[in-house]
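In: The following block contains a protein sequence and its predicted model.
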Amino acid sequence: MSTDSDTEPYRVAEMTWREIEAALERTETLLLPVGSTEQHGHHLPLGVDVFMPEAIGERVAERSRALLAPPIWYGVSPHHTFKPGTFTISTETFQRYVFDVCASAADWGIETVLLLNGHYLAQDPELEIVVRELQEETDLTAFHVPLVNLFADVAAEIRTGDVSFHASEFETSIMLELFPELVHMDRAESVEPADESLPLTDYDALGDNKIGWALTAEDMAELTPTGNIGDPTVATEEKGEALVDAAVSNICRLVDALERND
């Protein structure tokens with residue numbers, strides 16, 4: 001359970017409508033974890049991109065007055081369909097769904113929504129558009145919060161692998177911190193990209209990605225036999241703790257500022 005006798009309830013799915021009504025007296029901010037269900041190599045589960053933002057959102061809600069919405073499990077993942085277990089939906093369906101979820105929360109009193117994006121990089125363009133449409137078409141104040149941007153500075157300091165693009169050092173470390181029982185380090189394999197990437201399009205989450213670009217399922221199948229790109233074997237729980245702490249701290253700063261402004 002998310003609460004004890006000293007903590008106000010914050011997980012929307014576990015609350016009654018009367019508890020929501022009472023909670024709106026103390027906060028009008030909603031954290032919405034948004035991810036995808038897709039392959040993450042031999043060593044990580046399909047739900048990584050939801051497990052991460054939901055757990056980080058929970059830690060934020062424990063320290064602030066924000067509410068935590070049930071996560072969005074399905075995202076735009078056509079490039080991962082070369083392995084079984086991946087679900088993908090169209091950009092249009094995804095954007096409409098996220099928009100409607102947020103707009104319905106506005107109907108019952110939410111004024112600010114933070115989209116905690118665990119499927120960062122790949123799904124950033126869609127959520128940037130959703131945020132703009134929410135700002136223009138509803139009374140909500142909306143923010144797109146890609147996790148990688150929140151821990152990028154810390155990641156750059158603590159990394160030991162040369163490449164961490166998908167299901168590698170950063171995601172594996174975070175999962176070791178949050179859900180170690182779901183990580184199979186004995187199955188982890190390092191997979192380096194076979195060829196140099198084009199200028200401005202590094203195969204790295206912190207790389208020289210200065211332009212918009214995308215991979216197809218065929219591209220991914222050529223890049224990696226296992227599903228990950230980079231070296232997950234260098235991941236540690238200690239690195240994960242540092243990355244999670246950075247993300248939680250940064251989101252709390254924003255939530256606290258929003259609440260003070262209210």
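Out: All right, it came through fine.
In: Quick check: Leu178 vs Ile56, distance?
Out: Distance, Leu178 to Ile56, using C-beta to C-beta, to the nearest Å: 8 Å. Placement of C-beta: from N, CA and C, glycine included.
In: what do those two both touch?
Out: Shared contacts of Leu178 and Ile56 (C-beta atoms under 8 Å, 6 or more residues apart in numbering): Val244.
In: Between these two, which is the more surrounded one?
Out: Legend: neighbour count by other C-beta atoms under 10 Å for Leu178 and Ile56, higher for Ile56 (26 against 21).
In: quick one: contacts for the more buried one?
Out: Counting by C-beta under 8 Å, 6+ apart, Ile56 makes contact with Pro33, Leu116, Leu147, Leu178, Val244, Ala247, Val248, Ile251.
In: Okay, and the beta partners of the first one?
Out: Each beta-bridge partner of Pro33 is listed here: Leu116, as defined by DSSP bridges.
In: Does it touch Glu58 like I think?
Out: No: in terms of C-beta atoms under 8 Å, Pro33 does not count as a neighbour of Glu58; the distance is 9.0 Å.
In: which neighbours do the two share?
Out: Leu68.
In: okay, these two: which has more neighbours?
Out: Neighbours per residue, other C-beta under 10 Å: of Pro33 and Glu58, the larger number sits with Pro33, 27 against 18.
In: mind checking how far the more buried one is from Thr216?
Out: 27 Å.
In: Also Thr226?
Out: Noted for Thr226: a distance of 18 Å to Thr216, by C-beta to C-beta.
In: Out of those two, name the residue with the larger neighbour count.
Out: Just comparing Thr226 and Thr216: by other C-beta under 10 Å the higher neighbour count belongs to Thr226, 18 against 12.
In: who's in contact with the more buried one?
Out: Per C-beta under 8 Å, 6+ apart, neighbours of Thr226: Gly41, His42, Glu189, Val191.
In: So it: helix, strand or coil?
Out: Classification of Thr226 by DSSP: H, G, I helix; E, B strand; the rest coil places it in coil.
In: ditto for His144
Out: When classified by three-state DSSP, His144 comes out as strand.
In: Please look at it and Leu127 and confirm they touch.
Out: Yes: using C-beta under 8 Å, His144 is in contact with Leu127, at 4.5 Å.
In: Now do the shared contacts for these two.
Out: Applying C-beta under 8 Å, 6+ apart, one finds that His144 and Leu127 are jointly contacted by Leu115, Asn117.
In: Could you measure from the residue positioned nearest the centre of the chain over to Thr7?
Out: Residue closest to the average C-alpha location in the chain (C-alpha atoms, centre = their mean): Gly118, at 1.4 Å. From Gly118 across to Thr7, the span is 24 Å (C-beta to C-beta).
In: Could you do Val154 as well?
Out: Taken as C-beta to C-beta, the span from Val154 to Thr7 is 27 Å.
In: So for these two, which sits in the more crowded spot?
Out: When Val154 is set against Thr7 and neighbours are counted by other C-beta under 10 Å, the residue ahead is Val154, at 19 against 11.
In: List the residues that contact the more buried one.
Out: Counting by C-beta under 8 Å, 6+ apart, Val154 touches Ala242, Leu243, Asp245, Ala246.
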